[in-house]
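Colleague: the sequence and its predicted three-dimensional model are supplied below.
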Amino acid sequence: LLNFLMKGGDNPAYSDISELKSILTEKQISVLGELFHELPQLSFVKQEILNNNLVDIVEDDHMYSLPENVIGQANFTSYINQDLFSMVIMKSLRPDKLLFAMRTFVESVFGEGFTEMSEYNFEEVVSTESSCKAPLLLCSTPGYDPSTKVDDLAISKNIRNYQVIAIGSPEGYDQAAEAISDGIKFGYWVLLKNIHLAPQWLVTIEKKLHSSVPHENFRLFMTSEIHSGLPSNLLRMSDVFVFEPPPGVKANLQRTLSEISPSRMNREPVERCKLYSLLAWFHATILERLHYLPYGWTKGFEFSDTDKRGSFEAIDYWIESVANGKSNVDPTAIPWEALRAIFGQAIYGGRIDNEFDRRLIESFLSNLFTENSFNKFYPLVDTTNISSPGVKIVLPDVHSYQDLVDWVNDLPNQTTPEWIGLPPTAELILLEKQGKITTNTLLKMQTIDNSETVEEVIMEKGGAGSKPQWMITLENTCNKWLEYLPKSLSKLSGNKERDPIFRFFKRDIKVGSELLGKIRKDFNTLLQICNGESKQTNYSRSLINDLTKGIIPDSWRKYEVVRTTTLNAWLPDFILRIDQLSTIKQVYEESSFSNDPSVWLGGLFNPEAFITATRQAAARANKWSLENLVLCLHTREAENTGTNTLFTAERLEIHGSSWTDDLLDSTSKEMYHSLSSLTFVWMRKEDVEISEHNIVVPVYLNNSRETLLFDTKFPIRGNTNQEYLYQRGIAITANKI
């Protein structure tokens, strides 16, 4: 059970359970098929599904426990095995509920309430539990600046000798060293901000603290992102605090209100309060989207409380410059364009380096910071005309700090993804991702003692059947994958070197052929080690360690995949890539390769080079300039303007929208949809029709959204709001891993 929990769900082994196709999704059937193949004693679950005994688990988003009669049929006497069984079923049927099943398991072992964290008072901890010899390390996730806690504490305790140094430049190192020396000698407080930017330099702090006798009032505070490069000795000697942004829009709004004095918000003109409210909502929205990476944002931008404070100051400056001492200003006189530019290009937008994230933040700003926001019942969020039932949140006329506090307190405690512009099912995608990260982490924690060779085991324990368990498992793993892996992939030959697409496939097939040979050779070497026919080397020990932990060996990483991909997910994907290249090679050898190729774009080892090759082929065939070509979507109504200009991408996924009747549609509640294929065409710029009913959609290599393959325009329905599509994180991906 534990082995399937950590490694199962991605292997090609399966049992025939086609009778469940009308009940379950293709992914659920695939995982269950593997489960029944690996653990046939659990095949009774199939009948339980057919009898509708598990319908609540599959369909009800709020049902987290298996029925007692289903657990009883598993015949597990240990409650630990019962909880493991529940986790395995959750992973198979509703992976978004796996975290809840894990929590139940942890509390079964360690006691109810073990997973609940008790609140602590930072000021009390510093005052009563900290010492001058132990630094206080405040770690945080991107989007949270814990240094404000130290600033506020220094003010409340009237600490006059308090120095703050930002780490990241050579001058900062010298200033920090001097401040620490003075603090140790005279009892100052010192705050070093962003120490994760200089992990190597931190060794000098560690040595200084070890070799000195500090003043009893000395306190060294350090802030850092959670970072693997921090020195382990420094972590051991420090009191470590971990912070993250408050979960949910409401909690974030309440935190913002706790940081603003009523007197500041109530200052005239009265429109200041409404502008503060809009900024508080905007800040909460963009921070909450960080929880939904890479759909909320493509990466974890470091939006922080510093950005918020700077934005409040910008509002103060502009509203006062317009008011000139008046108690009211006309909303049309407020410099909205200037505010949007400051927020979108300098303060918040200055952190963004992605074109599609920039248009996302601009969509929020254009919706919130407008004179229409002063209209009665102006909606901050309104999806009622897009999905049912949808969400509509209206900011009332707020004229004082207390008005805003009352409105925030009346908001629902639970934030749905629709509050921040995402589809309602985005929460399920997030939970599923977190569950997968947790199981991957568990897998990486597995350890083995592979120091003994087979010969040593036989000599010490007698008999050839005395192999250690890790060796038996390794042998089974190698045999299984050698069975599934293709035997070989011969290289592509031919005399079509003038054809850019042929040259591309020749190179890609060569990469696949060499990597396939490398993997099969490594598996066979490990089998020889398991059978006592070969001795272990440093390389083979590294392979054994990686295979045990489900990590892709570095020597096999010849192309880009999502960093968190496990070996059990990577190998089936690699096999499919080899199968595609084998088919393409056969087609070329039969001289039947189309000038308008159809490929699984995400299954190529270098898809960017394929796109470049199709562009070169179109330019060569039509005598066009390469620089004058743009990639467009080819619809049924479009006319082909040249030869060798088309290619079809298969097995794509579209996120944040659906694709029906050759149009993007924003009414879907689902986060993503599968696309059987899309055809793209290279066109001259002057031949491209300009339409306001188009939206530029990025096409990424995989779900991490780290590598952009290309972007192109897609037609949308006439009544579709483009800004709403931006906020839904619209994108297309060529592969899942």
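Modeller: Cool, the structure landed. Numbering: from 1, shown residues only.
Colleague: so which strand or helix has S591?
Modeller: Under DSSP states H and E, no helix or strand contains S591.
Colleague: can you report how many residues neighbour it?
Modeller: 8 (other C-beta atoms under 10 Å). Using the backbone N, CA and C atoms, a C-beta is placed for each residue, glycine as well.
Colleague: quick one: it from L604, how far?
Modeller: S591 sits 22 Å away from L604, going by C-beta to C-beta, to the nearest Å.
Colleague: how about the stretch of helix or strand L430 belongs to: buried residues?
Modeller: Assigned by DSSP H and E, L430 belongs to helix 426-444. Residues of helix 426-444 classed as buried by neighbour count (16 or more other C-beta atoms under 10 Å): 426-433, 435-436, 439-440, 443.
Colleague: now stretch 378-397
Modeller: Quick answer for stretch 378-397 (16+ other C-beta under 10 Å): Y378, L380, V381, D382, T383, I386, V391, I393, L395.
Colleague: mind checking how far the residue lying closest to the fifth one once chain neighbours are set aside is from S666?
Modeller: When you say that, I think you mean T383. Nearest residue to T383, sequence neighbours excluded (C-beta to C-beta, 6 or more residues apart in numbering): G390, at 4.1 Å. The spacing between G390 and S666, counted by C-beta to C-beta, is 12 Å.
Colleague: cool, T612 as well?
Modeller: Counting by C-beta to C-beta, the gap from T612 to S666 is 32 Å.
Colleague: could I get the contacting residues of the nearest residue to I226 once chain neighbours are set aside?
Modeller: Spatial nearest neighbour of I226, chain neighbours left out: C139 (5.1 Å); criterion: C-beta to C-beta, 6+ apart. Contact analysis of C139 by C-beta atoms under 8 Å, 6 or more residues apart in numbering lists P146, T223, S224, E225, I226, V240, F241, V242, F243.
Colleague: what bridges to C139?
Modeller: S224, V242 (DSSP bridges).
Colleague: contacts for the helix or strand hosting A154 next, please.
Modeller: According to DSSP H and E, A154 maps onto helix 147-156. Here helix 147-156 makes contact (C-beta under 8 Å, 6+ apart) with 122-123, 126, 138, 159, 162, 164, 189, 191, 193, 221, 223, 243, 259, 305.
Colleague: who has more neighbours, T612 and S666?
Modeller: S666 (22 against 14).
Colleague: if we can go back for a sec, how about exporting the helix or strand just after the helix holding A154 as CSV, limited to the C-alpha atoms?
Modeller: Sequence order places strand 162-166 as the next helix or strand after helix 147-156, per DSSP H and E. Extracted as CSV, the C-alpha positions of strand 162-166 are listed here (Å, rounded to 0.1, in the frame of the first residue of the first chain):
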residue,chain,number,x,y,z
TYR,A,162,18.1,49.3,16.2
GLN,A,163,19.9,48.9,12.8
VAL,A,164,18.4,47.5,9.6
ILE,A,165,20.7,46.3,6.8
ALA,A,166,19.5,44.9,3.4
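Colleague: what angle separates strand 162-166 from helix 147-156?
Modeller: Between strand 162-166 and helix 147-156, the angle comes out at 160 degrees (axes from the mean of the first three to the mean of the last three C-alpha atoms, to 10 degrees).
Colleague: how far off centre is strand 162-166?
Modeller: Offset of strand 162-166 from its chain centre (C-alpha atoms, centre = their mean, to the nearest Å): 33 Å.
Colleague: ok, residues contacting stretch 288-297?
Modeller: Under C-beta under 8 Å, 6+ apart, the answer for stretch 288-297 is 141-143, 245, 247-249, 252, 286, 299-301, 303, 357, 360, 415, 417, 419-422, 426, 429-430, 655-656, 671, 703-706, 729.
Colleague: follow-up on the earlier one: buried among the contacts of C139? Make that a ChimeraX selection.
Modeller: To isolate the buried ones among the contacts of C139 in ChimeraX, judged by 16+ other C-beta under 10 Å, type:
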select :146,223,224,225,240,241,243
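Colleague: can you add pLDDT and give the contacts of C139 back as CSV?
Modeller: Output for the contacts of C139, formatted as CSV (pLDDT from 0 to 100):
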residue, pLDDT
P146, 86
T223, 92
S224, 90
E225, 85
I226, 83
V240, 91
F241, 90
V242, 88
F243, 83
